[in-house]
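Colleague: build me a structure from this.
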Amino acid sequence: MRNQLRLKGKPIRLAVLDYGLFQVHANGRIIGICGYVIQTDANETVLIDTGFPSKYATDAEAATAEDDLGSFGSVLSVTPENMPQAQLAKLGIRPEDVTLMIQSHTHIDHVGHMHAFPDAPILIAAAERALPRPMYWSGKQPMEWPDAQYHLVDEDFDLTGGFTVLLCPGHAPGQLAFMIDLPNTGSVLLTSDAISRAAEIDEKFAGSWDVPLAIQHGARLMKMADAQDATVIFGHSPEQWPTLKKAPDWFV
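Modeller: Numbers count the residues shown, from 1 in each chain. As a prediction, the model looks like this:
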């Protein structure tokens, strides 16, 4: 099903979920791993991304070796408190309250609990869902696609008034970003990994799956943010993450 999904209500609040900390070996950069919750005035709860697999909270060293993640960096802190169920509990949300799950893309730090919300349909880019398995990391694809109802994205569309899903391939084949309009905060752009941090723009998105596409969509997103005077929340910003308001607090 492509782009036929619509929410009943409009966004009224947004929370940032803390899925842990990771250090990139190449430059020592310490990045936060984040997810998001958006609630609407029709009592709908949307979960965007689910962090690392639970095995990283059990034995990060063994999990890192199993996934060959050490070639890129190391997990500094992924604990049971950083699992999506625990992060949702900070907001008073139970797993069964999630009415829609969105996967921004299918790298390891975003899909770890994609199977954990079986009653929620999954919104994902068609290019990601077309893969035999989720992309995961470094050629490792241990996860199967969950048995779920999928809604496939192949262009920008409005999920509801004030909630736009933006298709921004570059970092990954089906990378998604999101523009959310909140009653008091105003517009909030969630770049996800389409722009992991502000400096990535000047760095020309080196290392992306498709660098020219990443540059194109990064510029498009920042132009939209400027036009709407949006608060920008980057996907993995070392500078922004320590000061960013997180669950149990809300942007409203």
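
Colleague: Arg13: neighbour count?
Modeller: A count of nearby residues for Arg13, using other C-beta atoms under 10 Å, gives 19. Just so you know, the C-beta spots here come from the backbone N, C-alpha and C atoms, and that holds for glycine as well.

Colleague: just Lys90 next, same as before
Modeller: When neighbours are counted by other C-beta under 10 Å, Lys90 registers 16.

Colleague: I'd like the numbering to begin with 24 instead of 1 from here.
Modeller: Got it, the first residue is 24 from now on, which makes the last one we talked about Lys113.

Colleague: could I get the full set of helices for this protein?
Modeller: Taking DSSP state H to define them, one finds helices in the chain at 78-81, 83-90, 107-113, 149-152, 222-225, 234-250.

Colleague: Asp177: which of these is closest?
Modeller: helix 149-152 (4.6 Å; C-beta to C-beta).

Colleague: circling back: mean pLDDT and distance to Glu119 added to the helices of the chain, as a markdown table?
Modeller: As requested, those are exported to a markdown table (pLDDT from 0 to 100; distance: least, C-beta to C-beta, whole Å):
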| stretch | mean pLDDT | distance to Glu119 |
| --- | --- | --- |
| helix 78-81 | 97 | 22 |
| helix 83-90 | 95 | 27 |
| helix 107-113 | 98 | 10 |
| helix 149-152 | 97 | 24 |
| helix 222-225 | 96 | 37 |
| helix 234-250 | 98 | 33 |
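
Colleague: out of the ones you listed, the one nearest Val47 is which?
Modeller: Across the helices of the chain, closest to Val47 is helix 222-225 (C-beta to C-beta), at 12.2 Å.

Colleague: name the helices or strands packed onto that closest one?
Modeller: Under the contact criterion of 3 or more C-beta pairs under 8 Å, 6 or more residues apart in numbering; DSSP states H and E, helix 222-225 touches helix 234-250.

Colleague: Lys163 is nearest to which of the helices of the chain?
Modeller: When those are compared (using C-beta to C-beta), the closest one is helix 83-90, at 5.1 Å.

Colleague: what are the buried residues along the closest one?
Modeller: The neighbour-count check on helix 83-90 (16 or more other C-beta atoms under 10 Å) flags 83, 86-87, 90 as buried.

Colleague: now stretch 113-129
Modeller: 113-114, 116, 118, 120-129.

Colleague: can you give me how far that stretch is from the chain middle?
Modeller: Averaged C-alpha coordinates place stretch 113-129 at 11 Å from its chain's average position (C-alpha atoms, centre = their mean, to the nearest Å).

Colleague: Met202: how many residues sit nearby?
Modeller: Neighbourhood size, Met202 [other C-beta under 10 Å]: 21.

Colleague: model confidence score at the closest residue in space to it that isn't next to it in sequence, please.
Modeller: Distances taken as C-beta to C-beta, 6 or more residues apart in numbering place Thr187 nearest to Met202, at 4.4 Å, with adjacent residues excluded. Thr187 is assigned 98 on the pLDDT scale.

Colleague: show me what contacts Thr187?
Modeller: Each residue near Thr187 by C-beta atoms under 8 Å, 6 or more residues apart in numbering is listed here: 179-181, 201-202.

Colleague: on that earlier part again, mind putting the buried residues of stretch 113-129 in JSON lines, distance to Thr254 included?
Modeller: As requested, these are exported to JSON lines (distance: C-beta to C-beta, whole Å):
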{"residue": "Lys113", "distance to Thr254": "21"}
{"residue": "Leu114", "distance to Thr254": "19"}
{"residue": "Ile116", "distance to Thr254": "22"}
{"residue": "Pro118", "distance to Thr254": "28"}
{"residue": "Asp120", "distance to Thr254": "26"}
{"residue": "Val121", "distance to Thr254": "24"}
{"residue": "Thr122", "distance to Thr254": "25"}
{"residue": "Leu123", "distance to Thr254": "22"}
{"residue": "Met124", "distance to Thr254": "24"}
{"residue": "Ile125", "distance to Thr254": "19"}
{"residue": "Gln126", "distance to Thr254": "23"}
{"residue": "Ser127", "distance to Thr254": "18"}
{"residue": "His128", "distance to Thr254": "22"}
{"residue": "Thr129", "distance to Thr254": "26"}
